[in-house]
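Visitor: fold the stuff below for me.
(one chain, ligands or ions: 1)
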Amino acid sequence: MPEAIEVEIYKKIAERASGQKVAGVVILDDNYLRGEGTEKYLKNEIIDKQVQQVRRHGKLLLLDFDSSTLGIRFGMTGRLVANGVPAIEALLYTTNLLDSKHERFVLHFANGLVLCVSDPRRFGNVEVNPDEKKLGPDAYTITSADLARVLTSSRATIKSQLLNQTKIAGIGNLLCDEILWRSGISPKKEAGLMSKKQVESLAKVIRNTIENLEERGGSHLGDLQKNRQKNGVCPIEKSALVRESVSGRTTWWCPAHQV
Ligand SMILES: [Zn+2]
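Guide: The predicted structure is shown next:
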């Protein structure tokens, strides 16, 4: 959290900045600035510059200026706040109270718009010209050919491949469990052992699940979600769900239909 869905919602809010000039930047947390640039460099690159385009790649929000791009990562608990209103009311696993002490990075625009990153646990960051080539294809538009390239001949588990942002960008833990549950695939299945047909159907489930959960309002609104707890059962055949660590992440899955 936030996963591609949340950042897509942030993007829609950030689009209000499109065509606007940056009037000021406030970095409230020194650790929030990543990459080569200093605060002076960042300010020099974007102050008085016009936002040409707002984009998203996986979990990365991107503001394109004429000669540089500002990337914003939201980590575990980051929310985008526009003029004091959060783009998303609630995230799991964090406080949802807006508190000025959680403000890390603020952009002021010439038309009065203020975009702020509020991030209680501070795992997010901002970077001038982030290396987008390090990210795999975006999960929203993943094709079966993209997915086949990622999975074929991998000995890793399917879960670890889907979570690896350099392979596919945008899928986090909740979305991953929901996708695998909807696909009937065990999270521990060896990625390279997926059949061509399974890969094709998985690509479709990834796109459909993302579209479906974005409509509902977040990656925590999957069908499996309310059963991610003690005595949780599979909504399909009501058998007990298993909770275990797969690829270092807490995983809920149904051995009765996920093989
Ligand atoms: Zn089941």
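
Visitor: rest of the way, CA atoms for contacts and neighbours
Guide: Will do.

Visitor: what separation is there between the nearest residue to Thr95 once chain neighbours are set aside and Thr251?
Guide: Nearest residue to Thr95 in three dimensions, chain neighbours excluded: Pro120, at 7.4 Å (C-alpha to C-alpha, 6 or more residues apart in numbering). As for Pro120, its distance to Thr251 is 24 Å (criterion: C-alpha to C-alpha, to the nearest Å).

Visitor: quick check: Asn82 touching Cys116?
Guide: Slight slip there: residue 82 is Ala, not Asn. Yes - using C-alpha atoms under 8 Å, Ala82 is in contact with Cys116, at 6.4 Å.

Visitor: which one's more surrounded, those two?
Guide: Higher neighbour count among Ala82 and Cys116: Cys116, with 24 against 20, using other C-alpha atoms under 10 Å.

Visitor: could you look up the SS state of that one?
Guide: Secondary structure state of Cys116, per DSSP: H, G, I helix; E, B strand; the rest coil, is strand.

Visitor: residue numbers of the stretch 151-259 of the chain in contact with the ion?
Guide: Residues of the stretch 151-259 of the chain lying close to the ion (C-alpha under 5 Å from the ion) are 234, 254, 257.

Visitor: in its sheet, what does the worst-scoring helix or strand of the chain on mean pLDDT sit against?
Guide: Using mean pLDDT, DSSP states H and E, strand 85-86 stands out as the lowest-scoring helix or strand of the chain, at a mean of 88. Sheet pairing of strand 85-86 (DSSP bridges) gives strand 79-82 (antiparallel).

Visitor: of all the residues in stretch 234-243, which ones are buried?
Guide: 234, 240-243 (16 or more other C-alpha atoms under 10 Å).

Visitor: quick one: end-to-end distance for it.
Guide: OK, stretch 234-243 end separation, C-alpha to C-alpha: 12 Å.

Visitor: measure how far that stretch is from the centre of its chain, please.
Guide: Per C-alpha atoms, centre = their mean, to the nearest Å, the displacement of stretch 234-243 from the mean C-alpha position of its chain is 26 Å.
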